[in-house]
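[1] quick one, what's the 3D model for this:
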Amino acid sequence: MRWKKAEYSGWGRVLKATGSRARPEKVSALRDLIKAGAAPALGNLRSYGDACLNTDGKAIDMTRLDRFIEFDENTGILHAEAGVTIGTIARLFAPRGWFPTVMPGTGFATLGGCIANDVHGKNHHMHGSFGQHVRSISLLGANGRLRRVTPQDTPDLFAATLGGIGQTGIIVSAGIQLARCPSEVMEVRERRSETLEEFMAMLESSTATYNVGWIDATAEGAELGRGILEEAEIKIQADPLPVAKARSISRDAPRFMLNPAVVRLFNRYYLRRVPPQGRTLDRSIADFFFPLDRISGWNRLYGKPGFHQFQCVVPDANAAIHLRKMLQAIGRSKLASPLAVLKRLGDGRAGLMSFPMRGYTLAVDFPNRAKAAALVQELEDIACDAGGRVYLAKDALSRAGRIARMYPELPEFTKIIKTTDPKGAFATDMVRRLQLRGKP
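    Alright, predicted model coming up:
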């Protein structure tokens, strides 16, 4: 197996690493690599910061281990290798009446990545996190042992693996519960809100299986928190719709494209495209769940310096106060991009380091400019003081002390990964930065 040294980065393109990577095509080749020396596993590099980086070290690219192993048409349980993407599962199984119960915002996320980050989707308030629908995991440890991990037989290891960003071992394959999919068409209702309080009330009262809100993060004053709520259900026995043609961005965009005036103008137009009375339209599964996948390389829109995405969740108690503080800080900064999302989360989480909690989650992209790091730190302070937490899959700037406050089960997680990987072979740049294995 050949190792190839190169520079690579997460999706935000701010943090980078130079190191050697190998791409095994068979489990036997993967096991041979581990025998020679364990290294962290990588997927499609869709986490935004340094969770997928191992500077000056080795890493194992799992994207060629992407085979389907077994599918039960009666129960909807699918066994597949870790490199299979969620978009591929949805595309191939939706016509057969099944699709992933929980899907993140991109179809390019791998099965292994969804487990390692315990991702959530537009139906978290109804069906919880991705890991709650994982039935078993084939996990390759630093000692070269391949073991079956389940919530029934190995609950502690299972809880440390879900959301554990690859620190318990390499996820080789998994069995997941798919959900019934009566058609490949989503019926989507769009409604406008003019204030943050109205937006939160709409989210709170929504009974839709799927919902997500776009929020105008540039708005200030009386318009603070305005946005669009999308509520959706799967249509019954609808004919498939054509999927929007993908476009590609092959070059870094110039800085002026995201200057404050352009972003404000775009946001105003985007908000007003939905009439005051709202509207209902049909979308394909791919267009509804993975809208940005229609633009290949969309992260280049932020230019060569890259971008940060801040995503937090704050609990229900005083959520409006804390979200208002965040949106006011974002508005003052003039750094917001058009990509800003407000969603409602339920209780579901599968792992010790899983992100979700009952409350509201806000996600906003910021071009990597001089003021961005300070702004993200300010937003993180507000979230932490509110009793919330930041999403490790998106983080590039947090600090060890903050994470310890936000994730109270961190000591238990640290204890488990020190037992399963005593030498820290699976540690990544994020693990070291946030001291997830304890102080060095």
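
[2] A strand includes residue 281, no?
    Yes - assessed with DSSP: H, G, I helix; E, B strand; the rest coil, residue 281 lies in a strand.

[3] need the contact list for the spatially closest residue to it that is not a sequence neighbour.
    With sequence-adjacent residues excluded and distances taken as CB to CB, 6 or more residues apart in numbering, residue 281 is closest to residue 188, at 5.7 Å. C-betas here are computed from N, CA, C, even on glycine. Neighbouring residues of residue 188 by CB atoms under 8 Å, 6 or more residues apart in numbering: 230, 231, 232, 280, 281, 282, 283, 288.

[4] can you put the residues you listed in JSON lines and add neighbour count and distance to residue 412?
    Below are the contacts of residue 188 laid out as JSON lines (neighbours: other CB atoms under 10 Å; distance: CB to CB, whole Å):
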{"residue": "230", "neighbour count": "22", "distance to residue 412": "37"}
{"residue": "231", "neighbour count": "22", "distance to residue 412": "37"}
{"residue": "232", "neighbour count": "22", "distance to residue 412": "37"}
{"residue": "280", "neighbour count": "11", "distance to residue 412": "46"}
{"residue": "281", "neighbour count": "10", "distance to residue 412": "46"}
{"residue": "282", "neighbour count": "16", "distance to residue 412": "46"}
{"residue": "283", "neighbour count": "18", "distance to residue 412": "41"}
{"residue": "288", "neighbour count": "20", "distance to residue 412": "37"}
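
[5] who touches stretch 240-257?
    95, 183-185, 262, 282-284, 286-287, 293-298, 300-304, 367.

[6] can you list the buried residues in that stretch?
    Buried positions in stretch 240-257, judged by neighbour count with 16 or more other CB atoms under 10 Å: 241, 243, 252, 253.

[7] same deal with stretch 81-96?
    In terms of neighbour count (16+ other CB under 10 Å), stretch 81-96 has its buried residues at 81-91, 93-94.

[8] swap in stretch 219-231?
    Here stretch 219-231 shows 219, 224, 225, 226, 227, 228, 229, 230, 231 as buried, counting by 16+ other CB under 10 Å.

[9] ranges for the strands of the stretch 151-300 of the chain?
    Secondary structure of the stretch 151-300 of the chain by DSSP state E, counting those that start in this stretch: the strands cover 170-180, 185-193, 210-215, 227-234, 247-248, 279-284, 295-296.

[10] relative to residue 334, which of those strands is closest?
    Across the strands of the stretch 151-300 of the chain, residue 334 has its closest neighbour in strand 210-215 (16.3 Å, CB to CB).

[11] if you average pLDDT over that closest one, what comes out?
    Across strand 210-215, the average pLDDT comes to 97.

[12] output that strand as PDB, restricted to C-alpha atoms.
    Extracted C-alpha coordinates of strand 210-215, given in PDB (Å, rounded to 0.1, in the frame of the first residue of the first chain):
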ATOM      1  CA  TYR A 210     -38.800  18.000   8.300                       C
ATOM      2  CA  ASN A 211     -38.200  21.700   8.900                       C
ATOM      3  CA  VAL A 212     -35.300  24.100   8.500                       C
ATOM      4  CA  GLY A 213     -35.000  27.900   8.600                       C
ATOM      5  CA  TRP A 214     -32.900  30.300   6.500                       C
ATOM      6  CA  ILE A 215     -32.200  33.400   8.500                       C
END
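
[13] elements contacting it?
    helix 196-205, strand 227-234, strand 340-345 (3 or more CB pairs under 8 Å, 6 or more residues apart in numbering; DSSP states H and E).

[14] direction included, what does the lowest-mean-pLDDT helix or strand in the chain pair up with?
    Least confident helix or strand of the chain, by mean pLDDT, DSSP states H and E, is strand 247-248 with a mean of 91. If you go by DSSP bridges, strand 247-248 pairs up with strand 295-296 (parallel).

[15] which is the next helix or strand following the strand it pairs with?
    For strand 295-296, the following helix or strand on the C-terminal side (DSSP states H and E) is strand 307-315.

[16] could you point out the helix or strand that follows that following strand?
    Assigned by DSSP H and E, the successor of strand 307-315 is helix 319-333.

[17] pull out the buried positions in that next one.
    319, 320, 322, 323, 324, 325, 326, 327, 330, 331, 333.

[18] next, the angle from that helix to strand 307-315.
    With axes from the mean of the first three to the mean of the last three CA atoms, to 10 degrees applied, the angle from helix 319-333 to strand 307-315 works out at 160 degrees.
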